Each structure stands twice: as C-alpha cells, then as structure tokens.
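> Everything below, folded, please.
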Amino acid sequence: VVVGDEDAGHRRGPAARALRGLAEWSAMRISSMPAVSKAALAGALALGAAGAHGRELALAVSAVHAPQAEIRAVALTLRQQAGTASLAVRAAHVELPLLALSGRVDWSCMLERSGGTVGCSGPLQVVADDGRATSATLAARIGDGRVDVSFSRGEARVALSVPFADAQRTTALLRQVPVDWLRAPLAQVQTAGELRSGVLDADASWQSGGHVDGRFEARDLAFNTADGAAHGEHLVAAGHFEWQRAGGDGHLVVSTRFKGGTLQAGTLQVALPDDAVEAELDALLRANGDWDIARFHWRDAGTLEFEANAKLAPAAPAPLRALDLRIIRARWPGAMRYAGAVLADRGYPSLRLGGELAGEIVVDEGGLQRVDLHTPGLDIEDRPRRLSLGRLRGGVAWSARGTEPAASLAWNAARIAGLELGPATSRWQSRDGALHLLGALRVHVAGGAATLSQTILRPLPGHDERVDTAFALQGLGYDSADGTLAAAQI
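Prediction:
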C-alpha cells in the first residue's frame, strides 16, 4: 500500500495514524470479508480519517482466489481532494462462474460518509472475453454490520444486503430483472430445465446454513425442461418459495398462482384461464439430478383439482419412474382445456364430455399399475363416430396385481354406430390384471335384448385374448338405413 500526500509534511502524520488504526479495526471487524472488499473499505476509512488535504491511496492486488471467484490484476485507487473522495477499481480479469461472468471490470464512484457508514455509487463497465461490453450502475455501502450492494441497468435492479456475521440473514431484492440474468445462477442449482425469457420481481433472504425463502412475481415467463418434454409460454405467476440445501440434495417448496399463458407436457397442452390457477410443489432435487416429488397439488377452481407424488429421472430415456395421481375433481366441459389435445392426439378430436370424474392412477417403471375412476354422472359424445353414452355413473377399479373391490357401472342410454342401446347396469371386479363381469349384463337393443356373462376384459397389451365372454341374443331385429341389410327375431 502506497499512501501519497500533497503536503510532504503530513506523510507521517494523519494518514499513517489512520492506517495503523485501520489495521487494528480490520483485524476485529472484517476478517470474514473478501480481500477486495477489505481493501476498498480500508482505503475509504483511511482517507476519511486523514483530514482535508489532497491524498491518494493506491492498492495493487495480483490475484484474489475464492471458491466462487477468481480475480487477477486488481488496481484500486482512492483520491481525496477539496473535501470529496473518489474510488476507481479496475480488474484486468474477473471469473465468476456463478454469474457466467468472465472479462474486465471497471468501476468508478464518489465516496460519501453518513453516520457510521461509507457509501459509493457510480458507473460500472464489464467487457467480456468475447468483446461484448455491458454498462450499469453499481452502488455499495458498508456499515452497521452489513455490506449493501445494488446493481441497476435501465429499469432492472438487483440489491443485496450481506451481514458480516454468518448468523444473520442475507437479503436480496430483484425488480424488473430479465430472467436471462438468472440463467447462470439457476444452472448451478439444478440442470433439469431452464428459464428462457420473462421479467421477474422477487424478495428473498437466506442464512449461511443454506435455507432460502422469498416471494416472486414473473411476467411473460417462458421455460422448458432439459429434455424438452415440458415447456411454458407467456406465463404470469406469483408466489412463495423455500429452498434448503442438505448435503448434495436440495429441498424445494413452492406455492404459485398462475394467470394466463400456456403449458405443454408431452401431448398435454393447456391454455390457462385469466382466473388464478393454484399450484403447490414439495420436492427433493437429488445430487444426481433426479426429482422426488412428495406432493404436487393443482387447483383450477371448478374445472380440475388433483394431487400427485412422483419420482423423475430427467436424464433417463424414460424419465417417469413412479407416479401416483389422485384426481380430486375433473369437471367438463371446462376440463377439455386439459384433455382436448390428448384426446386429439389419440385420434378423438371430436370427442366431447360433460359431467364430473374423480379417481386415482398409479404408474411405475413397469407401466400402468392401478386405475380407479368413478363418476356421479358423465355424458360422452363423438358425433363423427356416431357414438354417445348418456349419464354414465358408477366406476371401475382395476389393478395389475391382486384383487380390487367390486364396483358398479351403469348408463341411461347409449348409441353405437347408430344402434340405440337401452339403460343397463353391471358390476365388475379386478383380479390380477383382468376385469371380471359379476353376474350378467343385459341391455335392450334393436327391438330385442343382448346378454353378456362370464365376461373377462384384459386392458393391458400382451394377451392373445383381450375379451373373453359368453353372450345370448333374443328377438333382435334390424333394418339398415339404405335398405341393404335387414334381420328379424334373431
């Protein structure tokens, strides 16, 4: 450290005494601060103590090494002249992987003292290794046991308040921040996906133990998973989050309210309503990139509400390892905004539903394991296929293994390819992956009756016989519309 003084008679006077006092103070108060912060603070206090004469303090640091930073060839100059003080910092090369920053940094500002704090605010320029230059305003204030730093560019602003003591909380404020600024830090936390665009406001705080909590609001948000299986566009979201690092894993809890935008996961495409849709997530992000979702809750009031827990391995060819989906309520026709694209992809673009449905679906690495669906009343219609089912009620419980309780299924009326079917009631039971009809199913059709008995349905592929049944027909008669086919009393 070289201290210069315009008045040679003061070279061993106030400046020297200030530096000695500064050294003693530094040993007690700022031992945990990064080297460059110590230097800046030391110089500012030395100049403030040295009196009103013109003075200059120059500090040269060859390198600063830290777990998240590598800084080389730092030149720091503090000048005092006519009652004012300025600071100029130049780092020939700064490497901050957490912020994806690599390049030269220049910052100049005017020092000011207020009470027991020292502040400095001025222009910042960063020239990346590829020559791209970024200009912004950087402000810092040291005192009251904390370091406050703010970075602003246009309407965007990021502010940090970092305590000297590890036991105190660090706080962060983001206003009008493009999510591009967060892409690199978030990539350090998880690699399952990325934020592509949008603007973010947030308030967060965290402790040295790794616990982070805060609130956020995002506008025009776009994201995608790493494998492209899911993405969102033009989302408006607000909510609360908590993050806790435990060893190599991370525990994430998020509650969010969506208003507008679109979501897509595989063939599922959803245009969210302007009314708020609520979502809650409680998940562990494993060190190997896998996700253990303890709870996911989705509530689109009056349309769809469900809960789920799941295990995902995003890097695997088949990412879904386990899923237990519990449909609390699905109400049509509103729920078509969730089911419409899936049905169209399966070849049913004209299928329409009305009514309610609830139940549970369980999947593991071996495929579908359990389906339990029930309805107080559901209408189904596909006009191009001349198919309809009126007032379907009851349910079916199927599982790949074991035995499920018997369940009743009935309808008021049905039409298949123009053939009218009367009301019917049946009872079914799942046994080791097959649905067994209990008793008989009798339905009035074509002026007569058809009866099924000893019926076995095998929903999963891999069986030579998917349907096995005995049947009886009585008094059937039929005349085709074009007169080419007729039958009587079959």
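> Can you give the strand pairings for the helix or strand containing Ala91, parallel or anti for each?
Here Ala91 sits within strand 84-96, counting by DSSP states H and E. Here strand 84-96 has these sheet partners by DSSP bridges: strand 69-81 (antiparallel), strand 101-114 (antiparallel).
> would you list those strands in JSON lines and tack on mean pLDDT?
What follows is the strands paired with strand 84-96, written out as JSON lines (pLDDT from 0 to 100):
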{"stretch": "strand 69-81", "mean pLDDT": "88"}
{"stretch": "strand 101-114", "mean pLDDT": "89"}
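> closest one to Gln244 among the ones you listed?
strand 69-81 (24.3 Å; C-beta to C-beta). The C-beta positions use only the backbone N, C-alpha and C, and glycine is treated the same way.
> could you give the mean pLDDT of the strand holding Ala91?
For strand 84-96, mean pLDDT rounds to 90.
> now this structure, which segments are flagged as low pLDDT?
1-53, 67-68, 98-99, 166-167, 188-192, 463 (pLDDT under 70).
> Break down it into its helices, ranges please.
14-29, 35-49, 183-189, 336-345 (DSSP state H).
> Buried ones in stretch 133-140, by neighbour count?
Ala136, Thr137, Leu138, Ala139, Ala140 (16 or more other C-beta atoms under 10 Å).
> May I see the strands paired with strand 84-96 arranged in JSON lines, with distance to His444 as well?
Rendered in JSON lines, the data for the strands paired with strand 84-96 read as follows (distance: least, C-beta to C-beta, whole Å):
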{"stretch": "strand 69-81", "distance to His444": "81"}
{"stretch": "strand 101-114", "distance to His444": "76"}
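> of these, which approaches Arg55 most closely?
Evaluated over the strands paired with strand 84-96, closeness to Arg55 peaks at strand 69-81, with 4.6 Å, by C-beta to C-beta.
> starting at the chain centroid, how far to that closest one?
Chain-centre distance of strand 69-81: 40 Å, with C-alpha atoms, centre = their mean, to the nearest Å.
> Using CSV, write out every CA atom in that strand.
What follows is strand 69-81, C-alpha atoms only, in CSV (Å, rounded to 0.1, in the frame of the first residue of the first chain):
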residue,chain,number,x,y,z
ALA,A,69,-14.4,-16.2,-7.9
GLU,A,70,-11.0,-15.7,-9.5
ILE,A,71,-9.8,-12.1,-9.9
ARG,A,72,-6.4,-11.1,-11.3
ALA,A,73,-4.5,-7.8,-11.6
VAL,A,74,-6.7,-5.5,-9.4
ALA,A,75,-5.8,-1.8,-9.3
LEU,A,76,-7.7,0.2,-6.7
THR,A,77,-7.2,3.9,-6.3
LEU,A,78,-8.8,6.3,-3.8
ARG,A,79,-8.4,10.0,-4.1
GLN,A,80,-9.3,12.8,-1.7
GLN,A,81,-9.4,16.4,-3.0
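> List the buried residues of that strand.
Across strand 69-81, burial judged by 16+ other C-beta under 10 Å covers Ala69, Ile71, Val74, Leu76, Thr77, Leu78, Arg79, Gln80.
> Neighbours of Gly83, how many?
As a burial measure, Gly83 scores 6 neighbours (other C-beta atoms under 10 Å).
> Need phi/psi at it.
phi 80, psi 0 (degrees, to the nearest 10).
> picking up where we left off before, and which of the buried residues of strand 69-81 is nearest Val467?
Ala69 (67.9 Å).
> Distance of the closest one relative to Glu95?
As judged by C-beta to C-beta, to the nearest Å, Ala69 and Glu95 stand 7 Å apart.
> before we move on, what about Leu392?
In terms of C-beta to C-beta, Leu392 sits 64 Å off from Glu95.
> These two: who's more crowded?
Using other C-beta under 10 Å, the more surrounded residue of Leu392 and Glu95 is Leu392, with 20 against 15.
> Quick check: that one touching Leu409?
Yes. Between Leu392 and Leu409 there is a contact under C-beta atoms under 8 Å: 7.4 Å.
> Would you mind listing the residues touching both of those two?
Common neighbours of Leu392 and Leu409 are not found (criterion: C-beta atoms under 8 Å, 6 or more residues apart in numbering).
> of all the buried residues of stretch 133-140, which comes closest to Asp106?
Of the buried residues of stretch 133-140, the one sitting nearest to Asp106 (C-beta to C-beta) turns out to be Leu138, at 10.4 Å.
> Which residues does that closest one form beta bridges with?
Beta-bridge partners, per DSSP bridges, of Leu138: Gly122, Phe151.
> how about it, what does it touch?
Going by C-beta under 8 Å, 6+ apart, the list of residues near Leu138 reads Trp107, Cys109, Ser121, Gly122, Pro123, Leu124, Val149, Ser150, Phe151.
> would you list these in JSON lines and tack on neighbour count?
Output for these, formatted as JSON lines (neighbours: other C-beta atoms under 10 Å):
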{"residue": "Trp107", "neighbour count": "21"}
{"residue": "Cys109", "neighbour count": "21"}
{"residue": "Ser121", "neighbour count": "16"}
{"residue": "Gly122", "neighbour count": "17"}
{"residue": "Pro123", "neighbour count": "12"}
{"residue": "Leu124", "neighbour count": "20"}
{"residue": "Val149", "neighbour count": "15"}
{"residue": "Ser150", "neighbour count": "16"}
{"residue": "Phe151", "neighbour count": "17"}
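> With distance to Asp213 added, can I get those residues in CSV?
Formatted as CSV, the contacts of Leu138 follow (distance: C-beta to C-beta, whole Å):
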residue, distance to Asp213
Trp107, 31
Cys109, 32
Ser121, 29
Gly122, 33
Pro123, 34
Leu124, 29
Val149, 21
Ser150, 21
Phe151, 22
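> which two from those end up farthest apart in space?
Longest span within those, C-beta to C-beta: Pro123 and Val149, 15.0 Å.
> Excluding chain neighbours, give the residue nearest to Glu112 in space.
Leaving aside its sequence neighbours, Glu112 sits nearest to Gly119 (C-beta to C-beta, 6 or more residues apart in numbering; 5.2 Å).
> Provide a list of residues in contact with that neighbour.
Gly119 neighbours (C-beta under 8 Å, 6+ apart): Leu111, Glu112, Arg113, Ala139, Ala140, Arg141, Ile142.
> Now, of those residues, which are buried?
Leu111, Ala139, Ala140, Arg141, Ile142.
> where along the stretch 101-250 of the chain do the strands fall?
With DSSP state E, counting those that start in this stretch as the criterion, the stretch 101-250 of the chain has strands at 101-114, 117-128, 133-143, 146-153, 156-163, 170-178, 193-206, 211-225, 230-246, 249-258.
> Between those strands, which one is closest to Ala184.
strand 101-114 (8.0 Å).
> what angle separates the closest one from strand 117-128?
Calculated by axes from the mean of the first three to the mean of the last three C-alpha atoms, to 10 degrees, strand 101-114 forms an angle of 160 degrees with strand 117-128.
> Now tell me what touches strand 101-114 from outside.
For strand 101-114, using C-beta under 8 Å, 6+ apart, the contacting residues are 44, 47-48, 78, 84-96, 118-129, 138-140.
> cool, and stretch 478-490?
Residues outside stretch 478-490 that contact it (C-beta under 8 Å, 6+ apart) are Gly418, Leu419, Ala446, Gly447, Gly448, Leu473, Gly475, Leu476, Gly477.
> quick one: which of those has the most company?
Ala446 (18 neighbours).
> Just want the phi and psi numbers for that residue.
phi 50, psi 40.
> That one contacts Gly477, doesn't it?
Yes. Assessed by C-beta under 8 Å, Ala446 is found in contact with Gly477 at 5.8 Å.
> Leaving out the residues flanking it, which one is nearest to Phe241?
Excluding the flanking residues, the one nearest Phe241 by C-beta to C-beta, 6+ apart is Val254, at 4.6 Å.
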